[in-house]
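Asker: Turn this into a model:
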Amino acid sequence: MNLPKKVIHFAWKAAKDMLASKEALRQRHIVVEDGCALCGAPTENILHILWFCAHAKEVWSSSKFSLPFEVGPNWSFLDVMVKLQRSEELRPGLMERFVFVCWGIWKERNVIRTRGRCKLGRITLKNAIGLMDEYQMTNEGPARPATVGPELRKVGLGVLIRDSAGNVITAMSWPLVGPLGALEMEAKAVEIGMRFALDVGIQDAVFESDALEIVNAIQGIVAPCSSILLIVEGIHQLACLFRSCCFSHTKRQGNIPAHILAQFSSSLVSYVAWLETCPSHIEQACFQDISVAPIS
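Answerer: Below is the predicted model of the structure:
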């Protein structure tokens, strides 16, 4: 995992049940009072602290983060990590995000217990995600210019997610270099957009693309050509993770904000995401564009 050593060490201790929860302390024959120190629940184990406690729930509910499974009341932190590992292929980076937010919850909980002050859940979440993004962007190594030849293309992908009223929920610019043709790049854009939507907790979605051939292939109107067959199959697998999901074609002029995001990514080394805010450089285009959830 591309995480700071202190966060990896935290995850290792949580998986080994070595964090100082009251249940763990009692197992070490240390006398402590019963019940969660923050919410009063009868049991305070690791997963309660990081997932079921009212304080943890406030943090998770303030995000659009969702797990591709239901966490059982008798699970351990290790059980969750094993499940996340199995989901990593379909939702890369999900485990890192989960661990970093858990670390933020644990850190803030210790502050509350020692100082008695509590931040809002959304502030704890924002701080944790911000630290993770900052760390990962500065620990990718020095940027190297991409070598783009006849078999390797560099493109930018833009993803914009809106609610039913057209308000921007989140956006992303993603630079992509790969041995893919134009059609494959368009299909890959849809796949990446779906993974991003899952990461931010979207359950019901309408995905729009201005690539008619891709939309028709996904909908089964036409058979996908061999170059995009595997990508389309992956899109169908991702679609099963949503509560409801459909695909729609939009004209290019109705997809302008996503294309601006794609152009912006040409100057990036890694992806950039804007959570619960509209990037300033697409505000005007979003105001003029009423389409929902465009993907470029």
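
Asker: neighbours of Ala56, just the number please.
Answerer: 24 (other Cβ atoms under 10 Å). Where you see a C-beta, it was placed from the backbone N, CA and C, and this is true even at glycine.

Asker: Show me the strands in the chain, by range?
Answerer: Using DSSP state E, the strands of the chain run over 153-162, 168-178, 204-209, 244-249, 272-275, 294-295.

Asker: which secondary element of the chain has the worst mean pLDDT?
Answerer: Every helix and strand of the chain was ranked by mean pLDDT, DSSP states H and E. The lowest is strand 294-295, at a mean of 46.

Asker: hmm, back to that, closest to Lys22 out of the strands of the chain?
Answerer: Nearest to Lys22 among the strands of the chain is strand 272-275; the distance by Cβ to Cβ comes to 33.4 Å.

Asker: counting contacts, what elements does the closest one pack onto?
Answerer: Applying 3 or more Cβ pairs under 8 Å, 6 or more residues apart in numbering; DSSP states H and E, one finds that strand 272-275 contacts helix 121-138, strand 168-178.

Asker: other SSEs contacting the first one?
Answerer: Helices and strands in packing contact with helix 121-138 are listed as helix 54-61, helix 94-115, strand 272-275; criterion 3+ Cβ pairs under 8 Å, 6+ apart.

Asker: May I see the buried residues of it?
Answerer: 121, 124-126, 128-129, 131-133, 135-136 (16 or more other Cβ atoms under 10 Å).

Asker: Dump those into TSV; add distance to Ser66 and pLDDT as well.
Answerer: Shown next, in TSV, are the buried residues of helix 121-138 (distance: Cβ to Cβ, whole Å; pLDDT from 0 to 100):
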residue	distance to Ser66	pLDDT
Gly121	16	69
Thr124	18	78
Leu125	14	77
Lys126	18	79
Ala128	16	78
Ile129	15	76
Leu131	21	78
Met132	17	80
Asp133	19	74
Tyr135	23	73
Gln136	21	68
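
Asker: between those residues, which is closest to Ser21?
Answerer: Ser21 has its nearest neighbour among the buried residues of helix 121-138 in Thr124, at 18.4 Å by Cβ to Cβ.

Asker: Which residues are in contact with that closest one?
Answerer: 59, 104-105, 108 (Cβ atoms under 8 Å, 6 or more residues apart in numbering).

Asker: ok, 6 Å please
Answerer: Going by Cβ atoms under 6 Å, 6 or more residues apart in numbering, Thr124 touches 59, 104, 108.

Asker: And Val232, by the same measure?
Answerer: Contacts for Val232 (Cβ under 6 Å, 6+ apart) come out as 217-218, 224.

Asker: By neighbours, which of those wins?
Answerer: When neighbours are taken as other Cβ under 10 Å, the top entry among the contacts of Val232 is Ile218 (24 neighbours).

Asker: Excluding residues flanking it in the chain, which one is nearest that residue?
Answerer: Among residues not flanking Ile218 along the chain, Phe247 sits closest, at 4.9 Å (Cβ to Cβ, 6 or more residues apart in numbering).

Asker: confidence score at that neighbour?
Answerer: Per-residue confidence (pLDDT) for Phe247: 93.

Asker: Give me the number of neighbouring residues for it.
Answerer: If you count neighbours by other Cβ under 10 Å, Phe247 ends up with 20.
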